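Chemist: the amino acid sequence is not available; the structure is as follows:
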């Protein structure tokens with residue numbers, strides 16, 4: 001076995017290049033996932049008067065699509081809504097009074113949404129009603145996911161939907177699977 005001093009410079013460069021390739025591949029894979037990690041908010045559940053935590057991954061989405069009866073109009077509608085989606089993740093915290101969370105609690109979420117692939121498409125600010133930010137993650141012309149961060153003095157809501165998203169489908173998901181009312185207007189049909 002060679003000692004460390006006997007390892008050639010060429011071997012060191014090969015090892016360094018391999019390490020850079022592995023790191024680059026894992027960074028690219030992490031950067032291109034539309035799944036927002038929300039575990040940094042878990043500590044707020046103890047302070048909240050109400051909390052919602054919905055985690056529906058791709059396998060549950062597929063199972064739901066199989067369970068719904070295509071002949072029943074309501075079930076067919078839900079089946080259509082979930083087809084093509086890869087996951088729905090929702091965290092909502094409602095507090096009795098203001099000041100139960102600090103802006104720093106949201107930094108982990110916001111930093112992920114500043115990452116590669118995410119584009120802010122809606123930004124609403126109101127001194128009375130808080131803020132709503134809507135982000136899309138795209139890769140070329142493909143939509144990989146959507147994230148909504150809605151915050152006011154007594155509530156935090158994070159909605160993360162994975163898969164190909166369109167506004168008509170998203171507006172139909174309001175009130176389903178724990179997705180709160182996001183006040184999304186349906187696209188107007190052209191006459």
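Modeler: The structure has been received and is ready for your questions. Note that the structure is a prediction, hence the values are computed from the model and not measured.

Chemist: now the strands for the protein?
Modeler: 50-56, 85-94, 118-126, 130-139, 142-152, 155-163 (DSSP state E).

Chemist: could you dump those into TSV and include mean neighbour count and distance to residue 74?
Modeler: The way it works is simple: take the backbone N, C-alpha and C, and place the C-beta from them, glycine included. Shown next, in TSV, are the strands of the chain (neighbours: other C-beta atoms under 10 Å; distance: least, C-beta to C-beta, whole Å):
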stretch	mean neighbour count	distance to residue 74
strand 50-56	15	18
strand 85-94	21	18
strand 118-126	12	29
strand 130-139	18	27
strand 142-152	19	24
strand 155-163	22	21
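
Chemist: now those as CSV including distance to residue 67 and mean pLDDT?
Modeler: Output for these, formatted as CSV (distance: least, C-beta to C-beta, whole Å; pLDDT from 0 to 100):
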stretch, distance to residue 67, mean pLDDT
strand 50-56, 13, 93
strand 85-94, 15, 93
strand 118-126, 32, 91
strand 130-139, 28, 91
strand 142-152, 24, 92
strand 155-163, 18, 94
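
Chemist: got the ones you listed as TSV, with distance to residue 33 columns?
Modeler: Formatted as TSV, the strands of the chain follow (distance: least, C-beta to C-beta, whole Å):
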stretch	distance to residue 33
strand 50-56	15
strand 85-94	10
strand 118-126	11
strand 130-139	8
strand 142-152	8
strand 155-163	9
